[in-house]
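[1] Just a sequence and a predicted model for now, questions to come.
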Amino acid sequence: MLPTPSISRRLVGLLAIAGVAGAVAAFATQAAAQATTQAKLDSPLHLVVGYAPGGATDRVARIVGDKLGAKLGVAVVVDNKPGAGGRLAAQQVKITPANQNVLMLANPAVMVVAPLVFKDNNYDAERDFVPVSHVNDYDFALSVSPTLPVRELSHLLAWMRANPAQANVGVPATGSLPHFFGLMVGEKAKVQTQIIGYRGSAPLLNDLIGGQVPIAVDTEDVVLPQHAAGKLRVLALSGAKRSPFAPNIPTFKEAGLDLSATGWNTFFAPNSMPKAKVEMLATAIREVMQDPDTQRKFKDSGMTPVVSTTAQTAAMLKAYRAQWAPVVQKSGYQP
């Protein structure tokens, strides 16, 4: 039965009103997004890095900062504030006044591990900071010296069980994520591991290549070039899927050990920063991370770029803390 003319006209009118309302809502959403993206800061933006220039976190800050300045219309300055494993930078950024434009680029050592092991940390990672944008991930790599006669993870674990006194695992620093990942490997494999802490990746690699330490855990960007050169052997990588930088190297799960974990770099704002500014900066960083040139630079540095919202970043942090807190606390590690 066909509708009467009056009902048809009323229906058409309602549809027209709905269409206009939908168009207005879409326009408002688009305008708000453009306004956020195009917003300009009134003074330079400082990106604080708690490590010396040249390291992985520093490289991330500079890649993002180069693009972010043009997008925001202000100078973006990378401030290196090394000390106390990145905690000094966190302590300084924590007290930033609300009228200053400051973000901190930090990794799990500063925002997850340190709050669990340092009693005099002088900052609360969850209360004093607001997560802004998660920008990259990286895998951990288990490597062996070329002097060790093993080529697969299962062979290494058998060797470690047969030679417990020699099963030393080098890491770039005690209390670092590679340290705790090394303990995770030992626990999963039911192998006793003796962690040997170094003062950075360079001396660790020198000893691994020279045979002074048989096994090492470090980040993939550090060891993969040495693996490609034949100076050491990477037996497994920690990602849930194979790394795009080393598609021929198995994950731990593929190698027979049910284990996966990643590290990351994430931008944080001091809790004093107004919410609107946090969202504006998050949007700008997200757009920078979507840029193909930015993604290429991350991949050229051996790091996986991530495009994330503030909500997604907060969810990632919550899950990450839930995964790592039991490992750190069970280890009994004391600085």
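    Arrived safely, thanks for sending. Computed from a prediction, not measured in an experiment: that's the story for all the values here.
[2] Strands of the stretch 1-150 of the chain, start to end?
    Across the stretch 1-150 of the chain, reading from the start of the chain, the strands by DSSP state E, counting those that start in this stretch fall at 45-49, 76-80, 102-106, 129-144.
[3] Can you add mean pLDDT, mean neighbour count and distance to Asn163 and give those back as a markdown table?
    C-beta here means a position set from N, CA and C on the backbone, and glycine is covered the same way. Compiled in a markdown table, those are given as follows (pLDDT from 0 to 100; neighbours: other Cβ atoms under 10 Å; distance: least, Cβ to Cβ, whole Å):
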| stretch | mean pLDDT | mean neighbour count | distance to Asn163 |
| --- | --- | --- | --- |
| strand 45-49 | 97 | 22 | 40 |
| strand 76-80 | 96 | 17 | 42 |
| strand 102-106 | 97 | 27 | 38 |
| strand 129-144 | 97 | 26 | 13 |
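[4] Would you reformat the ones you listed as CSV and include distance to Thr313?
    Conversion of the strands of the stretch 1-150 of the chain to CSV gives the following (distance: least, Cβ to Cβ, whole Å):
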stretch, distance to Thr313
strand 45-49, 16
strand 76-80, 20
strand 102-106, 12
strand 129-144, 4
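[5] Could I get the contacting residues of the residue nearest the centre of the chain?
    Central residue check for the chain by Cα atoms, centre = their mean: the C-alpha nearest the mean position is that of Trp264, 1.1 Å away. When contacts are counted by Cβ atoms under 8 Å, 6 or more residues apart in numbering, Trp264 is found next to Asn107, Pro108, His134, Val135, Asn136, Asp137, Tyr138, Val306, Met316, Tyr320.
[6] if we go to 7 Å?
    When contacts are counted by Cβ atoms under 7 Å, 6 or more residues apart in numbering, Trp264 touches Asn107, Pro108, His134, Asn136, Asp137.
[7] what's the answer for Pro250, then?
    If a contact means Cβ under 7 Å, 6+ apart, then Pro250 has Ala236 as its contacts.
[8] how about the helices of this protein, start to end?
    The residue ranges that make up the helices of the chain, judged by DSSP state H, are 5-38, 56-72, 87-94, 108, 114-117, 153-162, 177-189, 201-210, 220-228, 275-290, 292-300, 310-331.
[9] tell me how far the second one is from the chain's mean position?
    Looking back up the chat, that one is helix 56-72. Here helix 56-72 is found 15 Å from its chain centre; the criterion is Cα atoms, centre = their mean, to the nearest Å.
[10] which residues are contacting that helix?
    The list of residues contacting helix 56-72 from outside it, by Cβ under 7 Å, 6+ apart, reads 40-41, 45, 47, 49, 51, 75-76, 78, 80, 105, 107, 135-136, 219, 221, 265, 284-285, 287-288, 291, 294, 297-298, 301, 303.
[11] With the fourth one instead?
    Counting contacts by Cβ under 7 Å, 6+ apart, the residues outside helix 108 that touch it are Leu177, Gly263, Trp264, Tyr320, Trp324.
[12] Report how many residues lie close to Ile195.
    Using other Cβ atoms under 10 Å, Ile195 is surrounded by 20 other residues.
[13] hang on, isn't it packed against Phe181?
    No: Ile195 lies out of contact with Phe181 (Cβ atoms under 7 Å); the separation is 10.3 Å.
[14] Pro214 and Ala261: what is the separation?
    Pro214 sits 22 Å away from Ala261, taking Cβ to Cβ, to the nearest Å as the criterion.
[15] what do you get for Lys318?
    Between Lys318 and Ala261 the distance is 16 Å, computed by Cβ to Cβ.
[16] Looking at those two, which one has more neighbours?
    Taking other Cβ under 10 Å, Lys318 and Ala261 do not tie; Ala261 has more neighbours (20 against 12).
[17] Now the more buried one: closest residue in space, sequence neighbours ignored.
    Taking Cβ to Cβ, 6 or more residues apart in numbering, and ignoring the residues beside it in sequence, Ala261 has Ser238 as its nearest neighbour in space, at 4.9 Å.
[18] and the one you found, how far is that from Thr309?
    Computed with Cβ to Cβ, the distance linking Ser238 and Thr309 is 25 Å.
[19] more crowded one of the two?
    When Ser238 is set against Thr309 and neighbours are counted by other Cβ under 10 Å, the residue ahead is Ser238, at 27 against 15.
[20] what's that one in contact with, if anything?
    Ser238 makes contact with Asp139, Phe140, Phe181, Phe252, Ser260, Ala261, Thr262 under the criterion Cβ under 7 Å, 6+ apart.
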